[in-house]
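Novice: structure here, sequence nowhere to be found:
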């Protein structure tokens, strides 16, 4: 496993921990289909939340991790989320949304800066 992949898993671990601390119940991770992947699937207040995690090893102004979630990525997330809902036989009335969790490491202070963007537009 290369260092980029290891960092990605570490960022996802941080995101899962952060979400749990805020009352989210994690239902699964790395839900993969040929057309897309959802990093984290969780539930909060009866809403199923599909989360994309983006991370940088350090802060680059103008190149924040969340900026890498473009229209094509969102469309893949929507298709994958709908597949998850169908494969888990959730009712059509099930409320759901797409979120992005952005993780940026601050090596000087040895902490992660986490930003949570809720209900991104498809």
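Specialist: Yes, it's here. On a predicted model such as this, the values are computed, not experimentally measured, just so you know.

Novice: where are the low-confidence patches of this protein?
Specialist: Scanning the chain for pLDDT under 70 picks out 108-109, 122.

Novice: would you tell me which helix is longest in it?
Specialist: Using DSSP state H to define each element, the chain has its longest helix at helix 3-21.

Novice: continuing past it, what's the next helix or strand?
Specialist: Remark: after helix 3-21, the chain's next helix or strand is strand 25-33, criterion DSSP states H and E.

Novice: correct me if wrong: residue 19 contacts residue 41.
Specialist: No. Using C-beta atoms under 8 Å, residue 19 makes no contact with residue 41, being 10.7 Å away. In this view, the C-beta of every residue, glycine as well, is placed from N, C-alpha and C.

Novice: can you pull the residues that touch both of these two?
Specialist: Counting by C-beta atoms under 8 Å, 6 or more residues apart in numbering, the residues touching both residue 19 and residue 41 are 26, 51.

Novice: and after the helix or strand containing residue 49, which helix or strand comes next?
Specialist: Here residue 49 sits within strand 47-56, counting by DSSP H and E. Tracing the chain past strand 47-56, the next element assigned as helix or strand by DSSP H and E is helix 71-87.

Novice: same for that following helix, what does it pack against?
Specialist: strand 25-33, strand 36-44, strand 47-56, strand 96-106 (3 or more C-beta pairs under 8 Å, 6 or more residues apart in numbering; DSSP states H and E).
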